[in-house]
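J.: model the structure of this input:
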Amino acid sequence: MPRNKNKNKRKNAKKPLGTPISIVFPDNISADEMKHIIAGGLLEFEQQKKQREDEAKELSCKEWQHAIGVKDFSSVKRPKKWLLQSFNFLQVFWNICTVPQKHIKGDGVIFSLMQMILAMLFGAVNVILLILAFLIVLCPLGSFLGVIPAMRWENIAVIWSCGLLAFVLSRIFRIASFEIIKMEDHNYLFGLFACVTSIISVVIAVITLVITRK
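T.: Got it, this is the predicted structure:
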C-alpha cells in the first residue's frame, strides 16, 4: 500500500500545473449547447438575485414609510386630498424628528443626504456657468451699442466661443445633477463625494493662500 501511494504521488507530481482538463459531454449535447445552457443558468441566477435585492429594497422602503407615517391619498379627490397631504407632511416631519432608534436601519439617510448635497452643488455650478455664459454673450453686444469700447471681430469670436463652452459645461453639470439623484451605487457615490470635497478643500486652500499673501 505505501508503494502504491508513493507511485500516485509521483504521477501527480509529474503533471504540470497548467494541464488542461478534458470535459466529456453527453453524446446528445454538443459543447455549444452546453455553453448555452450554462449561460442561461447564470443569467437566470443573476435575474433572481436582482429580483431578491429589489424586493428587499421595496420592503425596507415600506417599513421606513410605515415608521414615519407616510400615507397614500391617491384615491382621495381634490381639494380634500391636498388638505390630507398637508397634515400628513407635518406628521411625517414630526415623526422624522422623533423617530426611535429601532426603526433606523442601514445608511439610507446618509446616502440621501450626500445625494442632496452633491445634486445641489452641481445644480449651483450649472446656474453659475449659465449666468456666466449669458454675460459673456452680452459682452460683445455692449461694444455694438457703445457701452464698452469697440472690439475686433477676432476678439468677439473668442469671447463667444468661451460663452458657448460655459453654456455646454452648464448643461453637463445639469445632467450630472440628475444622474446623482437617480444614483443607487453607494460606493460610487461615496467616492464621488470624497473627490468633490477634496477638490473644494484644495480650491479653498489656494484662495486662502492668495488672500493671505496680499
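
J.: average pLDDT for stretch 42-49?
T.: Across stretch 42-49, the average pLDDT comes to 86.

J.: got it, and stretch 156-176?
T.: 87.

J.: in the helix or strand harbouring residue 48, which residues are buried?
T.: Element membership for residue 48 (DSSP states H and E) is helix 31-68. Neighbour-count burial for helix 31-68, counted by 16 or more other Cβ atoms under 10 Å, picks out 64, 67, 68. C-betas here are computed from N, CA, C, even on glycine.

J.: which secondary structure elements does that helix sit against?
T.: Counting contacts by 3 or more Cβ pairs under 8 Å, 6 or more residues apart in numbering; DSSP states H and E, helix 31-68 is packed against helix 80-97.

J.: now for the helix it packs on, which elements pack on it?
T.: helix 31-68.

J.: output the lowest mean pLDDT helix or strand found in this structure.
T.: helix 2-14 (a mean of 49; mean pLDDT, DSSP states H and E).

J.: roughly how far does the residue nearest the centre of the chain sit from residue 161?
T.: Closest residue to the average C-alpha location of the chain: residue 183 at 3.0 Å, with Cα atoms, centre = their mean. As judged by Cβ to Cβ, to the nearest Å, residue 183 and residue 161 stand 33 Å apart.

J.: same question for residue 75.
T.: 55 Å.

J.: same check, this time on residue 125
T.: In terms of Cβ to Cβ, residue 125 sits 20 Å off from residue 161.

J.: higher neighbour count, these two?
T.: residue 125 (17 against 11; other Cβ atoms under 10 Å).

J.: got the angle between the helix or strand hosting the more buried one and helix 31-68?
T.: In this assignment (DSSP H and E), residue 125 forms part of helix 108-145. Helix 108-145 runs at 90 degrees relative to helix 31-68, counting by axes from the mean of the first three to the mean of the last three Cα atoms, to 10 degrees.
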